[in-house]
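*Asks:* Dropping the sequence and predicted coords here.
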Amino acid sequence: MIHDRGTIKWTSLMMPEHMQILQEIDTKQNYKKKPKLDEQEKEEINNKIQLAVHNNLTIKVKYYAKHDFHIIIGKVVKIDVLDKYFQIQDIIINFKNVLDVQVD
């Protein structure tokens, strides 16, 4: 069996700029892509958020931010229709980044 040291054996021959570029490429490969929602899913999400606001319910929101998926649970504190975002606790979520909403 071959015991290769991988990139370790090449690091002494690389310039610091090359190492930085390789690290950036490695992190970009781990980025997740935002799925596209159709109009029916967007409307359903909108209805659930409105239901939660009018009845003061707790919601679980799955959203996309910083190349990853995040989940937050809480009550909607603020909705801004003009700028198209809402706020749960201290986190501001843009409507276009919401992937799923569950009402508890």
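*Replies:* Good, I have the coordinates. Numbers count the residues shown, from 1 in each chain.

*Asks:* all contacts plus neighbour counts: C-alpha atoms, from now on.
*Replies:* OK.

*Asks:* Just name the shakiest helix or strand of the protein by mean pLDDT.
*Replies:* helix 16-29 (a mean of 87; mean pLDDT, DSSP states H and E).

*Asks:* Specify the next element, helix or strand, located C-terminal of that helix.
*Replies:* Downstream of helix 16-29, the first helix or strand assigned by DSSP states H and E is helix 39-55.

*Asks:* how about low-confidence regions in this protein?
*Replies:* Applying pLDDT under 70 to the chain picks out residues 1-12.

*Asks:* who does whatever helix or strand residue 87 lives in pair up with?
*Replies:* Under the criterion of DSSP H and E, residue 87 resides in strand 85-88. Partners of strand 85-88 in the sheet, by DSSP bridges, are strand 68-80 (antiparallel), strand 91-94 (antiparallel).

*Asks:* got the ones you listed as CSV, with distance to residue 22 and mean neighbour count columns?
*Replies:* Formatted as CSV, the strands paired with strand 85-88 follow (distance: least, C-alpha to C-alpha, whole Å; neighbours: other C-alpha atoms under 10 Å):
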stretch, distance to residue 22, mean neighbour count
strand 68-80, 21, 15
strand 91-94, 32, 15
